[in-house]
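Peer 1: No sequence on hand, only this structure:
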């Protein structure tokens with residue numbers, strides 16, 4: 001049986017002032033939806049559409065657990081996590 005990959009991701013706005021953490025089974029599609037503001041939500045209201053961090057999982061349950069862990073952390077912990085792999089806060093959308 002083939003497992004489907006899952007992802008946790010962090011998005012920000014153009015000024016890097018708002019952070020949003022999510023989980024999905026299709027990262028490219030989900031970030032595209034955020035960029036096109038397909039759903040009227042927190043991310044569309046605050047123009048959060050720049051992918052600055054993501055992790056890949058082979059199990060959705062592990063991804064959900066990790067998402068909850070990140071969401072429970074402080075803003076500084078999220079900033080440190082982003083800086084650990086993307087110190088320039090570049091939009092990673094094109095690399096996925």
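Peer 2: Everything's here; your move. Values in this document were obtained by computation on a predicted structure and should not be read as measured data.
Peer 1: what secondary structure does residue 9 sit in?
Peer 2: strand (DSSP: H, G, I helix; E, B strand; the rest coil).
Peer 1: Neighbours of it, how many?
Peer 2: 24 (other CB atoms under 10 Å). For every residue, glycine as well, the C-beta is placed using N, CA and C.
Peer 1: now residue 90
Peer 2: Considering only other CB under 10 Å, residue 90 is surrounded by 12 other residues.
Peer 1: got it, and residue 5?
Peer 2: Neighbours of residue 5 (other CB under 10 Å): 15.
Peer 1: May I have the beta-bridge partners of the nearest residue to it once chain neighbours are set aside?
Peer 2: Distance criterion CB to CB, 6 or more residues apart in numbering; nearest residue to residue 5, sequence neighbours excluded, is residue 56 at 5.6 Å. In this entry, residue 56 is beta-bridged to residue 7, by DSSP bridges.
Peer 1: surely residue 56 meets residue 23?
Peer 2: No. Counting by CB atoms under 8 Å, residue 56 sits too far from residue 23 to count as a contact (11.5 Å).
Peer 1: Need the overlap of contacts for the two.
Peer 2: 6-7 (CB atoms under 8 Å, 6 or more residues apart in numbering).
Peer 1: Just want to know which of those two has more residues nearby.
Peer 2: Taking neighbours as other CB under 10 Å, residue 56 and residue 23 compare with residue 23 leading, 21 against 12.
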